[in-house]
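Fold the stuff below for me.
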Amino acid sequence: MIPLGHMDRIVLQAPHRLVSENRLDFRRDALERLSRATADGARRITIDLGETREVDASGLGVLVLVQKRARESFLHTCLTHTPPSVRQLLRLTQLEALFEFED
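Numbers count the residues shown, from 1 in each chain. Purely as a prediction, here's the structure:
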């Protein structure tokens with residue numbers, strides 16, 4: 001995962017599969033980048049799910065953790081290019097309201 005920067009936001013590319021096997025790597029990278037975001041003047045973290053085809057419960061847990069940590073730092077969390085299957089999973093688990101969405 002390579003974080004990309006935009007003036008007032010940081011953009012994280014989610015992996016193809018955000019599942020238990022790789023959640024710790026994504027979590028570590030996301031939280032590390034998030035900890036530097038406020039120092040960089042960011043106001044928003046965007047997670048690009050455009051290449052993500054599979055998310056399990058542990059992957060959802062990482063997304064929620066990142067959102068919670070971002071909120072604690074007064075950052076908004078946005079999901080972009082969210083596949084319909086992932087959006088449906090967020091809706092079914094009643095987690096959709098935690099995030100902003102961009103396409």
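
can you give me the strands for this structure?
Defined through DSSP state E, the strands belonging to the chain, from first to last, are 4-6, 9-13, 17-18, 44-48, 54-55, 76-80, 100-102.

Run a quick neighbour tally on the residue nearest to Arg43 when sequence neighbours are not counted.
Sequence neighbours aside, Asp8 is the residue nearest to Arg43 in space, at 4.9 Å (criterion: CB to CB, 6 or more residues apart in numbering). Backbone N, C-alpha and C define where each C-beta goes, glycine included. Here the count is done by other CB atoms under 10 Å, and Asp8 has 12 residues near it.

likewise the one 4 residues further on?
Residues near Leu12, counting by other CB under 10 Å, number 19.

For the chain, just list every one of the helices.
For the chain, the helices defined by DSSP state H cover 23-37, 57-72, 84-92.

Select, out of the ones you listed, the one closest to Pro15.
Set against Pro15 and scored by CB to CB, those come closest in helix 23-37, at 6.0 Å.

That closest one - what's its average pLDDT?
In this model, helix 23-37 carries a mean pLDDT of 91.

Then stretch 65-74?
Mean predicted lDDT for stretch 65-74 stands at 93.

What are the buried residues along it?
When neighbours are counted by 16 or more other CB atoms under 10 Å, the buried residues of stretch 65-74 are found to be 66-67, 69-70.

among those, which two are most distant?
Gln67 and Arg69 (7.5 Å).

hmm, what's the outermost residue in the chain?
Counting by CA atoms, centre = their mean, the extreme residue of the chain relative to its mean C-alpha position is Ala39, 19.0 Å from that point.

Next, it: phi, psi?
According to degrees, to the nearest 10, the main-chain angles of Ala39 amount to phi -70, psi -30.

isn't Ile47 right up against His76?
No - checked against CB atoms under 8 Å, the pair Ile47 and His76 is beyond contact range at 11.5 Å.

These two: who's more crowded?
Set side by side, Ile47 and His76 show unequal neighbour counts under other CB under 10 Å, the larger going to Ile47 at 25 against 15.

Quick check: beta-bridge partners of the residue nearest the centre of the chain?
For the chain, the residue sitting closest to the mean C-alpha position, by CA atoms, centre = their mean, is Ile47 at 3.8 Å. Here Ile47 sits in beta bridges with Leu12, Leu79, as judged by DSSP bridges.
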